[in-house]
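# Sequence first, then the predicted structure, then my questions.
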Amino acid sequence: MVGSNQAIGIFDSGLGGLTVLSKAQQLLPNENFIYFGDTLRVPYGSRSKDELLCFARQIFNFLISKNVKAIVIACNTISATCLPEIKKEFDLPIVEVLSHGVFEALESGTNNLVVIATETTIKNGTHERMIREHHADLKLFTKACPKLVPLVEEGLWNTEAAYDAVDEYLHEFKSQNIDALLLGCTHYPLLADAIVKTLGQIKIIDPSVSTINKLKVILQENHLMNIEHSNPCHQFFISGATEKFDDKLNIILIGNYKSTCIEINKF
Ligand code: DGL
């Protein structure tokens, strides 16, 4: 039986999903969370669907073994490639960021949008297909930005290296009258300053809040909101070394958390 005080699982290839978890902590303050970051195998952004499906299945099974009541896929690359299979195979509430990014972009009233994401996400074309279904003549650009995730994983988001890399990918849009940019990767909110530096004050769409609001609705509908008001427990598991991860974890979430390393072959 599913109980309302069970944790919510949330995962990504590395620390990107922490940008989603930070919103979840604010919007669902009573909930317990179990985060998994696949820091040994990050980046996911240039991997094949077969590999990603194998990783996603392992992570789902791991989180389910921890007795979670719902899972947030805080990874656009997994959503873009594996969602139908995962939804068919796992019987618990699942929310994911990609579709919420598309809905927010459509609702924003943008006429001239750029979507930035990993290589695999862009190649897969899910954002573009979903946007075109609803808005056939929106001026739409997409751009794969493979250098950005490794920079963020290194904690280099407010550095010259990050500004240069963002500029390298986005300068071509300076003359395109872009009015909105959709963050199609959960690592990219950490690069918002660099994006504004290149493109100026355009609307930056980060789907984390609407994803978590959707989760909240699902929990309410299924009577799964945690009604216990004790201190919520937030646990962090990663597949790589913990010390470097913990430094960044405690900057992004502003806390004093410690992660635990899980060996992938023990999944
Ligand atoms: N943060 C993930 C995403 O939203 C994965 C990035 C990566 O590992 O390349 O796609």
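Perfect, thanks for sending it.
# for the ligand, what are the nearby residues on the stretch 51-200 of the chain?
75, 76, 77, 118, 121, 149, 185, 186, 187 (C-beta under 6 Å from any ligand atom). The way it works is simple: take the backbone N, C-alpha and C, and place the C-beta from them, glycine included.
# Same list (those residues) but as TSV, adding neighbour count, pLDDT and secondary structure.
What follows is these, written out as TSV (neighbours: other C-beta atoms under 10 Å; pLDDT from 0 to 100; DSSP: H, G, I helix; E, B strand; the rest coil):
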residue	neighbour count	pLDDT	secondary structure
75	34	98	coil
76	34	98	helix
77	32	98	helix
118	28	98	coil
121	26	98	helix
149	25	98	helix
185	32	98	coil
186	31	98	coil
187	29	98	coil
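# can you give me phi and psi for the closest residue to the ligand within the chain?
Closest residue of the chain to the ligand, C-beta to the nearest ligand atom: residue 45 (2.8 Å). Dihedral pair for residue 45: phi -60, psi -10, per degrees, to the nearest 10.
# tell me the contacts of the nearest residue to it once chain neighbours are set aside?
Nearest non-adjacent residue to residue 45, counting by C-beta to C-beta, 6 or more residues apart in numbering: residue 118, 2.7 Å away. Contacts for residue 118 (C-beta atoms under 8 Å, 6 or more residues apart in numbering) come out as 43, 44, 45, 46, 76, 77, 144, 145, 146, 149, 184, 185.
# How about the helix or strand where residue 162 lies, which residues are buried there?
Using DSSP states H and E, residue 162 sits within helix 160-170. Under the neighbour-count criterion of 16 or more other C-beta atoms under 10 Å, helix 160-170 has 162, 163, 165, 166, 169, 170 buried.
# And stretch 189-197, by the same measure?
Buried, per 16+ other C-beta under 10 Å, within stretch 189-197: 189, 190, 191, 192, 194, 195.
# Show the average pLDDT along it.
Average pLDDT, stretch 189-197: 97.
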